[in-house]
Structures are given as C-alpha cells and as structure tokens.
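**Q** how does the following fold in three dimensions:
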Amino acid sequence: MDEHDKTRTLARYLEETLARAKLVGKARCFLQVIEDLSTIEKSDAAVLLMGETGTGKELFARAIHYLSGRADGPFVALNCGSLPDTLLEDELFGHERGAFTDAHLRRSGLIAQAENGTLFLDEVDSLSARAQVVLLRVLQDKKYRAVGASGERQADVRILAATNARLDQSVQRQTFRADLYYRLSVFTLSLPPLRDRKDDIAELAAHFIKKHAPTERGPVRLTPAAATAMLGYDWPGNVRELENAVIRGIHRAKRNEWIDAQDLGLPLPNDEQTEGGPPPGAQTLKALKQQNIIWFERKYLMSLMTECRGNVTHAARKAGKERRAFGRLLQKYQIDPKGFAFPAS
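**A** Residues are numbered from 1 along each chain as shown. This next block holds a predicted model:
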C-alpha cells in the first residue's frame with residue numbers, strides 16, 4: 001500500500017470512528033487521539049485517559065468500549081472521588097447475605113455488573129493507599145472476592161481509568177503506587193484541552209445547540225458576537241463548560257432565534273472594567289485589587305460548578321467551604337446551579 005492509499009485509509013477510519021463513537025472535532029490534536037484509538041480498540045488491555053476536567057474522558061472511554069470486542073457487554077462507570085474508602089470493596093466486589101449487619105440480601109458489585117464489558121474508573125488519582133491495593137489485586141490476578149464470600153470469582157472485565165492529575169508525578173511523590181500506575185497505563189490517551197481546539201468550537205457549539213434546543217422552537221443560531229466571545233475565551237472547564245454555556249444561551253435567549261454573547265454567561269476577561277468603576281489606571285490599588293478578586297471569584301465559581309455539573313454539595317466540598325457559605329457565594333454572583341446540571345453524554 002503506497003502513502004496515498006494509507007492516507008485515504010486513515011481518513012476513512014477517522015471519519016467512520018467519529019461517526020460511530022459520536023465524537024465531534026476536526027482539530028489536528030483531536031484527530032491524533034482518534035487515530036490512537038485504532039490500536040487501542042483491538043486490545044483488551046487497560047487504558048489510562050488523561051486530561052483536564054471537562055475534556056471528555058468518559059465520552060472517550062465509552063468510545064473505546066463501543067469500538068472494542070466488548071461492545072455487546074455493559075459499560076459501568078464509577079467516580080472514585082465520590083466513594084468513601086470503607087465502601088470501595090463492597091461497591092466493586094459486592095457482598096453476600098449476612099456479610100455485615102445491614103446485608104440482608106446478596107448484592108452484586110460493579111465488577112460483576114460489568115462482566116464481559118468495561119469498567120470505567122474516573123478520578124482514579126483520588127483512591128486511597130488501601131483502595132489502590134484492592135484495585136491492583138484485581139488487575140494482577142483477574143480475580144476478586146465478594147465481601148463475606150468464601151471463594152474467589154473471575155473478573156472478566158476491561159479496566160479503563162481516567163485522571164485530571166499527573167499520575168507520573170504522583171508516583172514520584174509516592175502518593176500513587178508505581179505498580180498500579182503501570183498496570184493502568186498499558187495504553188494512554190492524552191485528551192487536548194479545548195483552548196488547543198479552537199477550530200472545533202463552532203462545530204461543538206452547533207452540536208450542542210442541536211442536542212439541547214427544543215425541536216418545536218425552530219432553528220437556533222449564534223450571533224457573530226457570541227461566536228467571537230466563544231473563540232476569545234480560554235474554556236478552563238473545556239467541552240463540558242462549552243456545553244453548559246450553550247444550554248444557558250438557549251434558555252436565556254428564550255424564544256429568540258439568536259443566542260447573543262451575553263446569553264452565554266461567560267466570565268469575560270474585562271469583567272473587572274464593567275463593574276461601574278474607572279479604568280484600572282485611574283483606580284487606587286485597593287479598588288483594583290478588590291475588582292480583581294471579584295473577577296477571580298466569579299471565574300473560579302463558574303469553573304467549579306461546571307466541573308461538578310451543578311452539584312452544590314460536591315462543589316462546596318472541593319472548595320473547602322460549608323455548603324451554606326458556598327451557596328451565599330453563588331447568590332452573590334448570581335450563579336444558578338441549575339444552569340450547570342446536564343446528563344453525562
């Protein structure tokens with residue numbers, strides 16, 4: 001096969017994979033990740049997906065599953081950051097009736113539920129030292145024991161893990177086991193942030209408008225000002241934040257055909273100059289400092305609510321604040337949690 005034929009074959013694979021996996025994008029760095037799937041989908045080995053919050057790690061995990069030989073089996077997801085250490089074994093392995101005080105019925109764990117399919121472990125970097133040992137045992141032996149069970153069972157499941165942390169650095173700091181890291185990273189996928197995919201923003205926005213705009217409303221479009229605002233923004237919450245902005249825009253525009261820049265609710269870089277005061281050069285240090293704090297707090301809260309998908313309790317915990325105090329902050333900046341809640345795609 002000559003180079004021209006190889007190029008055409010690759011182009012056809014990329015086009016077909018994007019359609020089958022319901023992935024949107026044409027930026028070179030994004031297509032490189034899609035090309036890497038051609039190797040990963042043929043294997044049954046573990047995959048570590050790395051990328052910032054909101055880059056689509058679960059979406060890519062689902063793509064790996066549905067492109068693999070396990071596509072007819074279940075896809076089961078677990079957010080490791082939301083699970084107390086004491087419940088990990090019960091959640092993964094399940095338990096037998098009478099295994100502990102409240103175990104009135106036998107319960108299957110996630111590994112059994114994902115049999116012949118894929119188990120996706122999100123925020124794997126948040127696993128405690130004990131939890132890492134538990135997971136390592138499954139990866140090494142392909143066996144597990146339900147809580148209260150007398151015998152072991154076979155783990156017929158492919159493990160995909162995701163993190164927004166640098167696990168290699170965690171290994172160096174000895175906060176993450178090196179042997180578990182190497183077991184999880186047989187293959188690695190590094191997902192690019194949206195700021196490196198500026199060419200994809202218009203296509204992604206159109207995709208989310210089609211997904212979320214009510215069909216009876218008719219066509220909904222972005223004004224040139226809204227499109228410009230999207231291209232000029234860095235998207236710290238990545239694709240998830242973009243989807244939330246589109247959802248806000250659709251609802252704020254109401255029955256209008258056009259979504260304008262202000263409908264998106266983006267924390268624009270010059271917000272500190274729109275608070276009613278004079279330009280920075282004419283302000284005192286104290287006034288300028290206060291306005292920068294306002295801009296930073298609002299941008300931080302918007303990014304955090306995007307990451308937590310509108311879950312105030314989860315966001316407050318990540319911010320290190322009590323839920324009530326965090327709620328007052330949201331009210332202060334007129335941030336509605338409902339604008340950030342949407343189903344995982």
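**Q** so how far is stretch 311-318 off the chain centroid?
**A** 16 Å (C-alpha atoms, centre = their mean, to the nearest Å).
**Q** now do the same contact list for the closest residue in space to residue 68 that isn't next to it in sequence.
**A** Nearest non-adjacent residue to residue 68, counting by C-beta to C-beta, 6 or more residues apart in numbering: residue 41, 5.1 Å away. Glycine gets a C-beta too; all of them are placed from N, C-alpha and C. Applying C-beta atoms under 8 Å, 6 or more residues apart in numbering, we find residue 41 in contact with 64, 67-68.
**Q** ok, now residue 145?
**A** Applying C-beta under 8 Å, 6+ apart, the residues near residue 145 are 93, 151-153.
**Q** can you pick out the most distant pair from the residues you listed?
**A** Spatially, the most separated pair among the contacts of residue 145 is 93 and 151, at 12.3 Å (C-beta to C-beta).
**Q** the two: which is more packed in?
**A** residue 93 (23 against 7; other C-beta atoms under 10 Å).
**Q** how many residues are close by the residue lying closest to that one once chain neighbours are set aside?
**A** In this structure, residue 93 finds its nearest non-sequential neighbour in residue 109, 4.3 Å apart by C-beta to C-beta, 6+ apart. Residue 109: 21 surrounding residues under other C-beta under 10 Å.
**Q** same deal with residue 168?
**A** Using other C-beta under 10 Å: residue 168 sits among 13 other residues.
**Q** same question, the one 5 residues further on
**A** Taking other C-beta under 10 Å as the criterion, the count of residues near residue 173 is 8.
**Q** which pLDDT value goes with it?
**A** Note on residue 173: pLDDT of 94.
**Q** how far away is it from residue 159?
**A** 23 Å (C-beta to C-beta, to the nearest Å).
**Q** and residue 233, how close does it get to residue 210?
**A** For residue 233, the distance to residue 210 - C-beta to C-beta - is 21 Å.
**Q** who has more neighbours out of these two?
**A** residue 233 (19 against 12).
**Q** correct me, but residue 90 touches residue 144?
**A** No: in this structure residue 90 lies outside contact range of residue 144 using C-beta atoms under 8 Å: 11.7 Å.
**Q** so what sits against both of those two?
**A** residue 109.
**Q** wait, a helix at residue 203?
**A** Yes: when DSSP: H, G, I helix; E, B strand; the rest coil is applied, residue 203 is found to be in a helix.
**Q** excluding its backbone neighbours, what's nearest it?
**A** Per C-beta to C-beta, 6+ apart, closest to residue 203 is residue 24, 5.8 Å.
**Q** okay, now that neighbour: neighbour count?
**A** For residue 24, using other C-beta under 10 Å, the count is 17.
**Q** backbone dihedrals for it, please?
**A** phi -120, psi 130 (degrees, to the nearest 10).
**Q** dump the residue contacts of it.
**A** 18, 200, 203-204, 207 are the contacts of residue 24 under C-beta under 8 Å, 6+ apart.
**Q** for the residues you listed, which one is nearest residue 83?
**A** residue 204 (30.8 Å).
**Q** what is the burial count for the closest one?
**A** 18.
**Q** residues touching it, list them.
**A** Residue 204 neighbours (C-beta under 8 Å, 6+ apart): 24-25, 194, 239, 242-243.
**Q** buried members of these into ChimeraX, please.
**A** Command for ChimeraX that selects the buried part of the contacts of residue 204, burial taken from 16 or more other C-beta atoms under 10 Å:
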select :24,25,194,239,242,243
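**Q** and the contacts of residue 204, which two are furthest apart?
**A** Among the contacts of residue 204, 25 and 243 lie farthest apart (C-beta to C-beta), at 13.5 Å.
**Q** which residues touch the residue nearest in space to the middle of the chain?
**A** In the chain, the C-alpha nearest the mean C-alpha coordinate belongs to residue 54, at 4.0 Å (C-alpha atoms, centre = their mean). Going by C-beta under 8 Å, 6+ apart, residue 54 touches 194, 235, 237-241, 306-307.
**Q** what's the closest of the contacts of residue 41 to residue 332?
**A** residue 64 (41.7 Å).
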